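In: build me a model:
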Amino acid sequence: MMTEKRPTSRSRQERMSTSSDGRAHASSDIRVLTFDLEDWFHLLDLPQTADHTAWPGFESRFQRNLALILEALEQLDQPATFFCLGWIARKFPKEIRKIAELGHEVGSHSMVHSLVYRQTPAAFADEVRESKDLLEQVIGGRVRAYRAPGFSITGATPWAFDILASQGFEIDSSVFPAPRAHGGLPGFDHATPHWIDTPSGALKSFPMNTRKIAGQRLVFTGGGYFRLIPGFLLERWVGDTAYVMTYFHPRDFDPGQPVLEGLSAIRRFKAYVGLRGALPKLERLLERYQFTDLAGADRHVDWAAAPRVFVADEVHGDPRCLPD
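Out: Alright, predicted model coming up:
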């Protein structure tokens, strides 16, 4: 039972470079801990789960899985950013409010997990606005950060950044500069924090970090690769990477979740490999390294020296700076 008020993310971030808690960290390192708050059935691009009006028919495991995550973060005193679906916030407002009350950061992960490249700019704007407004009502504070479902902002949808800036978002974490089944920007050069300039203003971009393995750029700090790669390698790679961005889902730590029917063999493998060992693997990382949330990372980055990327001048314009 928690009886003490958690320290704010600012105090944790300050401690990141000054504590003597035995964790490996350096003042120049940035390791960001993030979770995409979805339920186990929110896998992308499946006919049986695509219609959000059918989601209430699935048994939810969200509360159980979120409780495991919050308990681990509490025990290991680590802050995180939680990118939340508006649908989840509407169904579980107490849980989302608790995340904020515990000192963690809440960001938007869209309303109903729609892939950006399947939407029109107008539909994307409506969904993002609805999600942001709802989350701000639930937590009683500002929502500054956004992450696209499936990292689905691609070279064909540069207008998404402009819309995010126009709606008051300050931080985006949607850039996945590596090959990916849904979205991604494999030709994108920046895998460290940078600015994205749009006609409506600038966004601070915190992309996924990458590592070259067998000649391929891979993201190993989330999803199937995280669950598949042995823990000792993960700990070594996280330790020798100055900028680390993670992405986890509550279902990543739930070996008892149902298996959705109709998945291809490779999709089934990617979705369910390594579930049993994922939480202990994450806990070992959190024991060894100090992480921060996006708000803490924002204060840590030297934005005056960060590179800038310019996106298209207008909706449907030339995505010249977002190669995919």
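In: now do the contacts for the nearest residue to V301 once chain neighbours are set aside.
Out: Computed as CB to CB, 6 or more residues apart in numbering, the closest residue to V301 that is not its neighbour in sequence is P193, at 4.7 Å. In short, each C-beta sits where N, CA and C put it, glycine included. Remark: with contacts taken as CB atoms under 8 Å, 6 or more residues apart in numbering, P193 is in contact with 30, 204-207, 243, 297, 301, 303, 306.
In: quick one, what contacts the closest residue to G224 other than its chain neighbours?
Out: Closest residue to G224 apart from its sequence neighbours, by CB to CB, 6+ apart: K270 at 4.2 Å. Residues in contact with K270 (CB under 8 Å, 6+ apart) are 181, 223-224.
In: before we move on, back to that, confidence score at the residue nearest to V301?
Out: On the pLDDT scale, P193 is placed at 97.
In: quick one, phi psi at it?
Out: phi -60, psi 140 (degrees, to the nearest 10).
In: related to what we said a few turns ago, remind me which helix or strand the residue nearest to G224 belongs to.
Out: Using DSSP states H and E, K270 sits within helix 265-272.
In: repeat that for I196.
Out: Per DSSP H and E: strand 194-198 holds I196.
In: please name the strands paired to that strand in the sheet, noting orientation.
Out: strand 201-205 (antiparallel), strand 308-310 (parallel) (DSSP bridges).
In: which one is H52 nearest to, not counting chain neighbours?
Out: Going by CB to CB, 6+ apart, H52 has V112 as its nearest residue, at 4.2 Å.
In: okay, that neighbour: pLDDT?
Out: pLDDT at V112 comes out at 97.
In: counting neighbours, what do you get for it?
Out: 18 (other CB atoms under 10 Å).
In: wait, isn't it in contact with G86?
Out: Yes: V112 lies in contact with G86 (CB atoms under 8 Å); the separation is 7.1 Å.
In: and T157, helix, strand or coil?
Out: coil (DSSP: H, G, I helix; E, B strand; the rest coil).
In: hang on, it packs against Y117?
Out: Yes: with contacts counted by CB under 8 Å, T157 reaches Y117, the gap being 5.2 Å.
In: of these two, which one has the most company?
Out: Per other CB under 10 Å, whichever of T157 and Y117 has more neighbours is T157, with 27 against 18.
In: pLDDT below threshold where in the protein?
Out: Within the chain, the set of residues satisfying pLDDT under 70 comprises 1-27, 312-324.
In: how about the helices in it?
Out: 9-16, 62-76, 86-91, 93-101, 121-139, 159-166, 223-228, 231-239, 265-272, 275-288, 294-300 (DSSP state H).
In: ok, now how distant is the residue nearest to H52 from E130?
Out: 9 Å (CB to CB, to the nearest Å).
In: overlap of the contact sets of these two?
Out: Common neighbours of V112 and E130 (CB under 8 Å, 6+ apart) are G86.
In: returning to what we had before: restricted to buried residues, select the contacts of P193 in ChimeraX.
Out: ChimeraX command restricting the contacts of P193 to the buried ones, with burial defined by 16 or more other CB atoms under 10 Å:
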select :30,204,205,206,207,243,297,301
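In: quick one: which two of the contacts of P193 are the most distant?
Out: Farthest pair in the contacts of P193 (CB to CB) is P207 and W303. Separation: 14.7 Å.
In: could you dump the contacts of K270 into JSON lines with neighbour count added?
Out: Below are those laid out as JSON lines (neighbours: other CB atoms under 10 Å):
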{"residue": "A181", "neighbour count": "13"}
{"residue": "G223", "neighbour count": "20"}
{"residue": "G224", "neighbour count": "17"}
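In: out of these, the closest to A214 would be?
Out: G224 (16.3 Å).
In: what do V112 and G86 both touch?
Out: Joint contacts of V112 and G86 (CB under 8 Å, 6+ apart) are E127.
In: contacting residues for the residue nearest to F92 when sequence neighbours are not counted?
Out: Nearest residue to F92, sequence neighbours excluded (CB to CB, 6+ apart): F62, at 6.2 Å. Contacts for F62 (CB under 8 Å, 6+ apart) come out as 37-40, 88, 91-92, 95, 250.
In: gap between F62 and G150?
Out: For F62, the distance to G150 - CB to CB - is 18 Å.
In: equivalent analysis for H194, please.
Out: 21 Å.
In: kindly report the same for A305.
Out: A305 is 31 Å from G150, by CB to CB.
In: more neighbours: which of these two?
Out: Ranked by neighbour count (other CB under 10 Å), A305 and G150 place G150 first, with 23 against 6.
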